[in-house]
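Colleague: mind looking at a prediction? Sequence and model below.
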Amino acid sequence: MSTKTLGQFADELSDDREDIRRLQTKLDEAKKAFKTKEAAALERMGEEGTLKVTGTKATITVSIQTLANIKDWEKYYRYIKQHNAFHLLERRPASKAWREEVEIRRGKPVPGSEGFEKRTLNLRNV
């Protein structure tokens with residue numbers, strides 16, 4: 001049987017909750033700082049025209065994907081219906097299927113859409 005009173009448990013839980021809140025604040029700040037550095041690295045790597053950088057602890061590489069951005073949903077849906085191309089739908093454009101369709105169309109975007117490049121930074125320890 002525990003020698004702690006229920007009031008002591010309540011106080012300990014309160015202290016623990018405060019510890020969690022302090023740690024969460026620290027974590028949020030660390031994530032924000034990471035995202036800021038990540039954006040700065042992406043920008044600088046773009047300016048310097050490099051896709052890979054290696055330090056003593058880690059390597060960062062930039063991945064580039066062409067994703068769909070629908071400008072006119074009516075045209076996009078009309079194309080899908082006319083060509084029975086429902087594989088082009090998710091809750092957002094099905095990027096892989098969209099890229100394949102653009103390839104089939106010899107580089108021409110699906111009507112009602114346009115491509116854009118999404119750049120991401122990959123971090124790997126060495």
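Modeller: Okay, I see it.
Colleague: correct me, but E117 touches I64?
Modeller: Yes - with contacts defined as C-beta atoms under 8 Å, E117 counts as touching I64 at a distance of 5.3 Å. Placement of C-beta: from N, CA and C, glycine included.
Colleague: show me what the helix or strand where G7 lies packs onto, helices and strands only.
Modeller: G7 belongs to helix 6-48 when assigned by DSSP states H and E. In terms of contacts (3 or more C-beta pairs under 8 Å, 6 or more residues apart in numbering; DSSP states H and E), helix 6-48 is packed against strand 58-70, strand 113-125.
Colleague: out of these, nearest to A39?
Modeller: If you check each of the helices and strands packed on helix 6-48 against A39 by C-beta to C-beta, strand 113-125 wins as the nearest, at 8.6 Å.
Colleague: ok but R91 is inside a strand, no?
Modeller: No - going by DSSP: H, G, I helix; E, B strand; the rest coil, the assignment for R91 is coil, not a strand.
Colleague: can you give me the neighbour number for the residue nearest to A68 when sequence neighbours are not counted?
Modeller: For A68, ignoring the flanking residues on the chain, the nearest one in space by C-beta to C-beta, 6 or more residues apart in numbering is P93 at 3.4 Å. Close neighbours of P93, defined as other C-beta atoms under 10 Å, add up to 20.
Colleague: my guess is P93 contacts T66, does it?
Modeller: No - with contact defined as C-beta under 8 Å, P93 does not reach T66; the gap is 11.0 Å.
Colleague: quick check: domain ranges of this structure?
Modeller: Structurally, the chain divides into domains by automatic domain parsing as follows: 1-50, 51-126.
Colleague: TSV please, covering the ones you listed and showing mean pLDDT.
Modeller: Output for the domains of the chain, formatted as TSV (pLDDT from 0 to 100):
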stretch	mean pLDDT
domain 1-50	94
domain 51-126	92
